[in-house]
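1. all I have is the shape, not the residue letters:
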Ligand SMILES: Nc1ncnc2c1ncn2[C@@H]1O[C@H](COP(=O)(O)OP(=O)(O)O)[C@@H](O)[C@H]1O
Ligand SMILES: O=P(O)(O)OC[C@H]1O[C@](O)(COP(=O)(O)O)[C@@H](O)[C@@H]1O
Ligand SMILES: [Mg+2]
C-alpha cells in the first residue's frame, strides 16, 4: 500500500516498510488529459540498440545506501565457501539496490533520471530557453552546449534561446539563438557564453516573458539562490496553468549544495588550485622562513580548500570556515607556524575565504554588506592573515588565486559530468516533469525537488573521517577546544553520499561479474563518511542516461 502527500512542490510517496519517495512535480499533476508521444529515441540508431535504455517508471534511487557488514571469523574450508557465496549475494545486493522500487526498505528516495518511453512534447512544438545565474563555475558552457545538442540530436528540437545575463535578461535584454553549430566549441572556454548576474530577479516579469515568447522548457543553471528563484518561477508557471517545464541544473563551485554527490566544476577548481599551491610552495621554499598563503574560494564550506590540500601534499595547514582557529597562545596558529618553520624552513597555508571571519570582525570594523543577491560580502581573510603573520613573523608571500579557479574551462571528468547532467535535464523536461533539479545521488542521476537542495548548505563535517585524513596528512593542530568539538558534533548534518574507492554501481557491469569483490566484506561502513566531491566522478558517472 502506498500513500501520497502532495502540494504543488512537495510530492511525497510513502511505501511499505518506511520507503519514502520525495518525488518531483509533473504536468499531469495540474494539467489533465495531456497527449503523450512515443520517445523519438526509440528510433534513434545510437540508442535503440541499448539494452534497457528507458528508465522504468518506478525506478528510484535511495538517498543513503544501506551497507551490510558480513564477517566470518572461522576460515575453515566450508565457511570460506559460505563467505564467497555471501560475497556474491552482497555484491549483487549492493549493486542492484542503488536503483530500487517502492517495495524497497526504508529511507528517502529520489526519482531516477533518464529517458522515458513516452514524452509530453511533440519535438516540433518545443521552444526551450537556457539561463545561467550567480557566480561563474567551470563547466557552465559545457552544460549549455549539451542541453542544446541533447535537445537537437536526441529529440529533434531546434528552437533553443539563450537568455542574456542571468534572470534579469528575461525582461531586459535580447535573446540569443542557440544551435548545435553556435555552441560547438564553447566547452573549451571558461565562463558562460550567456553571461550571468546576481540580483535583478522579478518572477512576474520572467514568467510574462516566458509566456510572451511561447517558451515551454526553461533550463536554469545556477546555485542555491538561482534554484530558489527557479522554484518561485515554477510556482508562478503552475499558478497560471502553463505547460512549461522548469528544470534546474545546480551549480556551485563551493560544492555546498546538499543531497548531491558533488557539483560540476568542483574537480576542475581543485585541479586549478593545485597550480596556485605549487607556486606558493616554490616561492616559500626558495627563501628562508618563507610562508606561502593561498586563499581559495569557499564562502561557507571549505571543500575546495580541503580537497586541494589533500591533493597537493605541499600544504602545511588548511583553514576552513567550518573549523574555528585562533592565532596566539598555546596551540594557536602562530605556535604551529613557528614549529613548522623550525622543522622545514618554509610552509604553505591554504585558507578558504570564509575561514576565520569571526576573528576578522573582532579585529576590524564589523562590515555587514551584501551583494545584489543578498549574499553576505566577506572580508579579505587572505590579506588579513598575511598581515597578521607578517607582523609576527618576518617573511611572507601571498598568492590569491580566488577567481582563477572558477574562470577556467572544465576538465575532462567535469565535461563528462556536465554532459550527463544536461542530458538528464532534457530527458526530464521532455518526459513532462517540471519544478525539479537534476543531481547525482549515490552515483545515479536523479530528479530532486527544489526544496531539498535549497533547504541547507553542504558543509565539511569536521568530526568526519575526511577532515581527520586532512589533519593527519598536514599534521596540523585541530585548533578545537572541547567546546568547539561539542558544537561541531551538535551541528553534524547527514553527510553527502560518498562513493569510496571502486564503488561502481552499474548493473550491466555487475551482470558480467567481472569486478573483483574487493571492499565488500571490509565492513567499512562508509555511509557515515564524507567524500562529497573530489575523486569519485569516474566511478559515479553512468553512461546510461
Ligand atoms: N531567495 C531567493 N529567491 C528567489 N530568487 C533568488 C533568491 N536568492 C537569489 N535569487 C536569485 O538568483 C540569482 C542568483 O543568485 P546568487 O545568490 O547570486 O547566486 P547562486 O545562484 O550562485 O547562489 C539572482 O538573480 C537572484 O536574484
Ligand atoms: O565575486 P562573486 O561573483 O560574488 O563570487 C564570489 C563568491 O562566489 C562563490 O564562489 C560561491 O558562489 P557559487 O556557489 O555560486 O559558485 C564564493 O566562494 C565566493 O565568495
Ligand atoms: Mg549561492
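-> It's in. Keep in mind that this is a model prediction, so the values were computed, not measured. Ligands and ions are numbered 1, 2, ... in the order given.

2. and the closest residue to residue 129 other than its chain neighbours, what pLDDT?
-> Nearest residue to residue 129, sequence neighbours excluded (CB to CB, 6 or more residues apart in numbering): residue 161, at 4.3 Å. Where C-beta positions appear, they are placed from N, C-alpha and C, glycine not excepted. Listed pLDDT for residue 161 reads 98.

3. quick one: residue 161 is in a strand?
-> Yes: counting by DSSP: H, G, I helix; E, B strand; the rest coil, residue 161 falls inside a strand.

4. list the beta-bridge partners for it.
-> Residue 161 has these beta-bridge partners by DSSP bridges: residue 129, residue 177.

5. so it touches residue 216, yeah?
-> No: using CB atoms under 8 Å, residue 161 is not in contact with residue 216; the gap is 11.5 Å.

6. higher neighbour count, these two?
-> More crowded of residue 161 and residue 216, by other CB atoms under 10 Å: residue 216, with 22 against 19.

7. need the contact list for whatever residue of the stretch 51-200 of the chain ends up closest to ligand 1.
-> Using CB to the nearest ligand atom, the closest approach of the stretch 51-200 of the chain to ligand 1 is made by residue 134 at 2.2 Å. In this structure, residue 134 makes contact with 166, 196, 198, 222-223, 225-226, 251-252, 373, judged by CB atoms under 8 Å, 6 or more residues apart in numbering.

8. show me what contacts the residue of the stretch 1-150 of the chain found nearest ligand 2?
-> Using CB to the nearest ligand atom, residue 135 is the residue of the stretch 1-150 of the chain that sits closest to ligand 2, at 3.6 Å. By CB under 8 Å, 6+ apart, residue 135 lies in contact with 196, 198, 223, 252-253, 406.

9. cool, residue 333 as well?
-> So residue 333 contacts 317, 319, 325-327, 479 (CB under 8 Å, 6+ apart).

10. from these, which land in strands?
-> 317, 319 (DSSP state E).

11. what is the most widely separated pair among the contacts of residue 333?
-> 317 and 326 (13.1 Å; CB to CB).

12. at the geometric centre of this structure, which residue sits there?
-> Central residue check for the chain by CA atoms, centre = their mean: the C-alpha nearest the mean position is that of residue 263, 2.1 Å away.

13. circling back: find residues that contact each of residue 161 and residue 216.
-> Counting by CB under 8 Å, 6+ apart, the residues touching both residue 161 and residue 216 are 127-128.

14. ok, the residue in the stretch 201-350 of the chain positioned nearest to ligand 3 - contacts?
-> Nearest residue of the stretch 201-350 of the chain to ligand 3 (CB to the ion) works out as residue 223 at 3.8 Å. Residues near residue 223 by CB under 8 Å, 6+ apart: 133-135, 250-252, 257.

15. repeat for residue 217
-> 121, 126-129, 151, 244-245, 247, 429.

16. who in the protein is up against ligand 2?
-> 134-135, 137, 223, 252-254, 297-299, 353, 371 (CB under 6 Å from any ligand atom).

17. and of the residues you listed, the nearest to residue 441?
-> Distances from residue 441 to these, taken by CB to CB, are shortest for residue 252, at 16.0 Å.

18. so how far is stretch 330-338 off the chain centroid?
-> Chain-centre distance of stretch 330-338: 35 Å, with CA atoms, centre = their mean, to the nearest Å.

19. should've said stretch 408-428
-> Its chain's C-alpha centre and that of stretch 408-428 lie 12 Å apart, by CA atoms, centre = their mean.

20. same question for stretch 423-434.
-> Mean-position distance between stretch 423-434 and its chain equals 19 Å (CA atoms, centre = their mean).

21. just the helices in the stretch 201-350 of the chain please.
-> According to DSSP state H, counting those that start in this stretch, the stretch 201-350 of the chain carries its helices in the segments 203-213, 224-239, 266-286, 303-312, 333-344.

22. would you list the ones you listed in CSV and tack on mean pLDDT?
-> Shown next, in CSV, are these (pLDDT from 0 to 100):
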stretch, mean pLDDT
helix 203-213, 98
helix 224-239, 97
helix 266-286, 94
helix 303-312, 98
helix 333-344, 94
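
23. just those: most buried one?
-> The highest average neighbour count among these, using mean count of other CB atoms under 10 Å, belongs to helix 303-312 at a mean of 26.

24. which outside residues touch it?
-> 253-256, 266, 269-271, 273-274, 277-278, 281, 296-298, 315, 318-320, 350-352, 355, 405, 458, 460, 466-467, 469-470, 473-474, 532-535.

25. dump the residue contacts of the residue of the stretch 401-545 of the chain found nearest ligand 1.
-> At 7.9 Å from ligand 1, residue 454 is the closest residue in the stretch 401-545 of the chain, using CB to the nearest ligand atom. Counting by CB under 8 Å, 6+ apart, residue 454 makes contact with 224, 227-228, 231.

26. now residue 211
-> Contacts for residue 211 (CB under 8 Å, 6+ apart) come out as 240, 242.

27. likewise for the one 4 residues further on?
-> Remark: with contacts taken as CB under 8 Å, 6+ apart, residue 215 is in contact with 127-129, 161, 209, 244.

28. and those as JSON lines, adding distance to residue 424?
-> Shown next, in JSON lines, are those (distance: CB to CB, whole Å):
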{"residue": "127", "distance to residue 424": "20"}
{"residue": "128", "distance to residue 424": "15"}
{"residue": "129", "distance to residue 424": "18"}
{"residue": "161", "distance to residue 424": "21"}
{"residue": "209", "distance to residue 424": "26"}
{"residue": "244", "distance to residue 424": "19"}
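
29. show me which of those residues neighbour ligand 3.
-> Applying CB under 5 Å from the ion to the contacts of residue 215, one finds that nothing falls near ligand 3.
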